[in-house]
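Chemist: Got a predicted structure here, sequence first:
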Amino acid sequence: MNYPIYLDYNATTPCAPEVIEAMMPYFGTHYGNAASKSHPYGWLAENAVETAREQVANLIGARPKEIIFTSGATEAINLGIKGTFEAYFGEKQHYITFATEHKAVLDTFEEIERRGAEVTYLKVNTKGEIRLEELQDPILPHTKMICLMWANNETGVIHPVKEIAKLAESRNIIFFTDAVQAAGKIPVFTQGIHLMALSAHKLYGPKGVGALFVRHNHDLPKPLAQIHGGGHEKGIRSGTLNVPGIVGFGKAAELRMQEMRTEAIRLGELRDQLEKGLLTISDTFLNGSRENRLPHVSNIAFGGVEGEELLKRVNQKVAVSSGSACTSISPKPSHVLAAMGLSSDLGRASIRFSLGKNTSESEIDLTIDWVRKVVFEIRRH
């Protein structure tokens, strides 16, 4: 198949060759169940899982015992939010989150609302940024959690996690961050954070494996298990562990520790080159903050074109998306851009370009030429 240029790294990343190599023995030669404690097949699998647990913990500055492996970030988010709701069962409960969170977060909060929780959805400004002073007022005596993503998956805007962690700590409230787009791209930390969702396939690891960081040594309750049967992962997440996937996740985390900083500089330069070329097109502008954002993401609105036609034509030669992969099948404009005040038409005519390890300068030049051509042709007709 003649694939287009790939600029949709926020949707998924290709497995790094070293990751595939690390995983392969655990599909065949070392096929043991990590829960089999009585023979070498199980011991070897368990050792591989514990090595990966340490590698993932190192990436975020956690302790290995604080990493709970899941099937991905969506499960980790459900476990963190629903599990906390159930840990406080019987109490009056209030949660604070933001209108620009990923659908995995927003839909999970809608579910606990149906079960009786109160949820406040805070707004963002036109750049997609939050206002810290507006976070103080909604805190109630029965507020149990503040939930905020580290970096937005559509605009790349980085939120003030350190300040919110301090606020949550001072008020004895659980702070949960979806760090899926941040971990492995920029340095992250766990100080003041109680729960953090991670995903392997966003950082050059395999699909179908993620993790929930669960902070130890504090008084606030840990989330209750949502999957029962066998007591795996310290009883928080039962189920036979995906050993090859977990090994791949660990290796990917180790690689990102080595590559992240230099790669961020390279991708930032390529991203700036892309924007310089595209924003010279009339009636185009950047969605989100120019300063405080991930180095590899650019979300650009193209005025005067029909969004569905624009995306269809651009994707003939450059693989991009209009928002998160989870909502790309929907013709509705992005809820993130809508929350930032964009009109429906401009929201639909916005494209997220996300760059990655395989992105080259020549690909950026080709992308600029192709997008310019497509926009001019659509506008002519």
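Modeler: In hand now; what should we look at?
Chemist: Show me the shaky parts of this protein.
Modeler: Within the chain, the segments meeting pLDDT under 70 span 323-331.
Chemist: now the helices for it?
Modeler: With DSSP state H as the criterion, the chain has helices at 17-23, 40-60, 73-87, 103-114, 132-136, 161-170, 243-278, 307-314, 335-339, 344-348, 361-380.
Chemist: Adding distance to Gln181, write those out as TSV.
Modeler: (C-beta placed from N, C-alpha, C; glycine too.) Output for the helices of the chain, formatted as TSV (distance: least, C-beta to C-beta, whole Å):
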stretch	distance to Gln181
helix 17-23	19
helix 40-60	13
helix 73-87	10
helix 103-114	12
helix 132-136	21
helix 161-170	12
helix 243-278	13
helix 307-314	21
helix 335-339	12
helix 344-348	20
helix 361-380	21
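Chemist: and His232, which of the ones you listed is closest to it?
Modeler: Checking the helices of the chain against His232 by C-beta to C-beta gives helix 40-60 as the closest, at 10.2 Å.
Chemist: what's that closest one packed up against?
Modeler: strand 67-70, strand 195-199, helix 243-278 (3 or more C-beta pairs under 8 Å, 6 or more residues apart in numbering; DSSP states H and E).
Chemist: Now with 6 Å, please.
Modeler: Here helix 40-60 touches strand 67-70, helix 243-278, going by 3 or more C-beta pairs under 6 Å, 6 or more residues apart in numbering; DSSP states H and E.
Chemist: Any buried residues in the last one, and which?
Modeler: Judged by neighbour count using 16 or more other C-beta atoms under 10 Å, the buried positions of helix 243-278 are 243-256, 259-260, 263-264, 266-267, 270-271, 274-275, 277-278.
Chemist: Equivalent analysis for the shortest one, please.
Modeler: Counting neighbours by 16+ other C-beta under 10 Å, one finds that the buried residues in strand 67-70 are Ile67, Ile68, Phe69, Thr70.
Chemist: That one pairs with which strands, parallel or anti?
Modeler: Take DSSP bridges as the rule and strand 67-70 pairs in its sheet with strand 210-214 (antiparallel).
Chemist: Show which residues not belonging to the strand it pairs with make contact with it.
Modeler: Residues from elsewhere that reach strand 210-214, judged by C-beta atoms under 6 Å, 6 or more residues apart in numbering: 56, 62, 66-70, 72-73, 76, 79-80, 196-199, 222.
Chemist: do the same with stretch 9-19
Modeler: Contacting residues not belonging to stretch 9-19 are listed as 153, 201, 204-206, 248, 251-252, 255, 321, 325, 354, 356 [C-beta under 6 Å, 6+ apart].
Chemist: rerun that using 8 Å as the cut-off
Modeler: Stretch 9-19 has contacts (C-beta atoms under 8 Å, 6 or more residues apart in numbering) with 23, 153-154, 181, 201-207, 248, 251-252, 255, 296-297, 321, 324-325, 328, 352, 354-359.
Chemist: before we move on, the earlier item: quick one: closest of the helices and strands packed on helix 40-60 to Gly235.
Modeler: Nearest to Gly235, of all those, is strand 67-70, at 9.8 Å by C-beta to C-beta.
Chemist: with the buried residues of strand 67-70 in mind, which one is nearest to Glu101?
Modeler: Taking C-beta to C-beta as the measure, Glu101 lies nearest Thr70 of these, at 18.2 Å.
Chemist: Which among the contacts of stretch 9-19 count as buried?
Modeler: Buried by 16+ other C-beta under 10 Å: 23, 153-154, 181, 201-207, 248, 251-252, 255, 296-297, 321, 324, 352, 354-356, 359, out of those.
Chemist: out of those, which are inside strands?
Modeler: Using DSSP state E, Val297, Arg352, Ser354 are the members of the buried ones among the contacts of stretch 9-19 that sit in strands.
Chemist: roughly how far apart are the second one and Leu311?
Modeler: Summarising the geometry, the distance separating Arg352 from Leu311, computed by C-beta to C-beta, to the nearest Å, is 10 Å.
Chemist: What of the last one?
Modeler: Relative to Leu311, Ser354 is positioned 15 Å away (criterion: C-beta to C-beta).
Chemist: show me what contacts the spatially most central residue of the chain?
Modeler: Nearest to the geometric centre of the chain sits Val180, at 2.5 Å (C-alpha atoms, centre = their mean). Val180 sits next to Ala73, His102, Met149, Asn153, Ala197, Leu198, Ser199, Lys202, Gly210 when contact means C-beta under 8 Å, 6+ apart.
Chemist: swap the cut-off to 7 Å and go again
Modeler: Val180 is in contact with Ala73, Ala197, Leu198, Ser199, Lys202, counting by C-beta atoms under 7 Å, 6 or more residues apart in numbering.
Chemist: Equivalent analysis for Leu255, please.
Modeler: Shown in contact with Leu255 (C-beta under 7 Å, 6+ apart): Ala16, Glu18, Tyr204.
Chemist: isn't the last one right up against Ala252?
Modeler: Right, the one you point to is Tyr204. Yes: applying C-beta atoms under 7 Å as the test, Tyr204 and Ala252 come out as touching, 4.9 Å apart.
Chemist: For stretch 179-189, measure first residue to last.
Modeler: In stretch 179-189, first residue to last residue: 10 Å (C-alpha to C-alpha, to the nearest Å).
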